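Q: One predicted model, sequence on top.
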Amino acid sequence: MFPGKQGRRQKAEGRRILLPGRALLILLLSAFCLLPFSGCRQKMANQPRYDPLEPSDFFADGQSARPRIAGTVARGEISGNPFFDTGKTGGQVTDGFPMPVTIDVINRGHQRFDIYCAQCHGRTGDGNGMIPSRGFRRPPSFHTETLRTAKTGHIFDVMTNGFGSMPPYGTMIPPGDRWAIVAYVRALQLSQHATVADVPTRDQAKLNAPAASTQAQPTTHGQPTTHGQPTTHGSGGAH
């Protein structure tokens with residue numbers, strides 16, 4: 001063999017021997033460079049978080065859910081109508097409603113009232129709900145003269161901000177639903193103090209119409225009568 005060819009073969013064999021080591025070094029360097037990114041991926045996949053209503057030892061009140069920052073409102077929460085939002089005009093409670101009161105509004109208020117209010121105020125608004133019957137403070141009846149003559153804005157404001165032992169419901173019930181509840185409270189009050197004059201003219205005639213009734217015929221030993229006379233067993237004849 002020529003010396004030149006043998007030398008070239010030895011160099012080629014040397015490169016083949018060193019090639020796996022070089023590839024391993026490159027692989028290790030690549031893995032080392034990717035290591036920080038793999039750490040970020042792990043942290044993002046397993047973020048520390050609180051479950052709903054989970055207690056926290058970080059905050060002073062021990063609650064993980066944080067209250068709304070004072071003076072802030074949610075996007076779209078303000079309608080631009082102070083009476084609709086607060087029940088007040090110029091800082092004073094106002095009577096009436098900021099929207100038309102339809103049967104759909106009253107039905108909505110009925111539904112919301114049964115969910116949020118009836119437990120204390122009772123289904124008819126007399127204050128004899130399930131909660132006061134178990135020893136809690138009894139709320140006033142909606143049918144007292146004071147509350148029947150109270151302005152709708154006052155009822156809305158109490159529902160929003162609370163009063164006495166009643167907690168505020170402004171964060172739980174949207175303003176539109178609060179007004180619907182006020183409309184239903186007015187319907188409850190009217191139902192307990194309505195007069196004939198409050199009945200629509202087309203329906204007043206129904207109040208004077210005699211009630212339809214069927215007169216039960218007397219029987220003897222469970223047998224029906226014939227022409228108003230009791231029948232006898234086996235004879236089929238009348239006395």
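A: Looks like it arrived, so ask away.
Q: ok, and the closest non-adjacent residue to Tyr50?
A: Among residues not flanking Tyr50 along the chain, Ser64 sits closest, at 3.7 Å (C-beta to C-beta, 6 or more residues apart in numbering). C-beta: built from backbone N, CA, C; applies to glycine.
Q: Could you list the low-pLDDT ranges of this structure?
A: 1-21, 34-45, 211-239 (pLDDT under 70).
Q: what are the ranges of the strands in it?
A: Counting by DSSP state E, the chain has strands at residues 88-89, 92-93.
Q: number of nearby residues for the residue nearest to Tyr50?
A: By the other C-beta atoms under 10 Å criterion, the neighbourhood of Ser64 contains 16 residues.
Q: Would you mind measuring from it to Asn46?
A: 18 Å (C-beta to C-beta, to the nearest Å).
Q: And Ala197, by the same measure?
A: 71 Å.
Q: same check, this time on Ala23
A: Taken as C-beta to C-beta, the span from Ala23 to Asn46 is 33 Å.
Q: List the contacts of Tyr184.
A: 106, 109-110, 112-113 (C-beta atoms under 8 Å, 6 or more residues apart in numbering).
Q: Quick check: closest non-adjacent residue to it.
A: Here the residue nearest Tyr184, using C-beta to C-beta, 6+ apart, is Gly109, at 3.2 Å.
Q: Also Leu188?
A: With C-beta to C-beta, 6+ apart, the residue lying closest to Leu188 is Gly125, at 4.4 Å.
Q: any idea how far that neighbour lies from Val101?
A: In terms of C-beta to C-beta, Gly125 sits 17 Å off from Val101.
Q: quick one: which of the two has more around it?
A: Using other C-beta under 10 Å as the criterion, Gly125 and Val101 rank with Gly125 on top: 24 against 18.
Q: Give the buried residues for stretch 169-181.
A: The neighbour-count check on stretch 169-181 (16 or more other C-beta atoms under 10 Å) flags 169-170, 173, 175-181 as buried.
Q: ok, which stretches of the protein are helices?
A: 3-45, 82-86, 103-116, 118-121, 145-148, 152-161, 175-193, 201-208 (DSSP state H).
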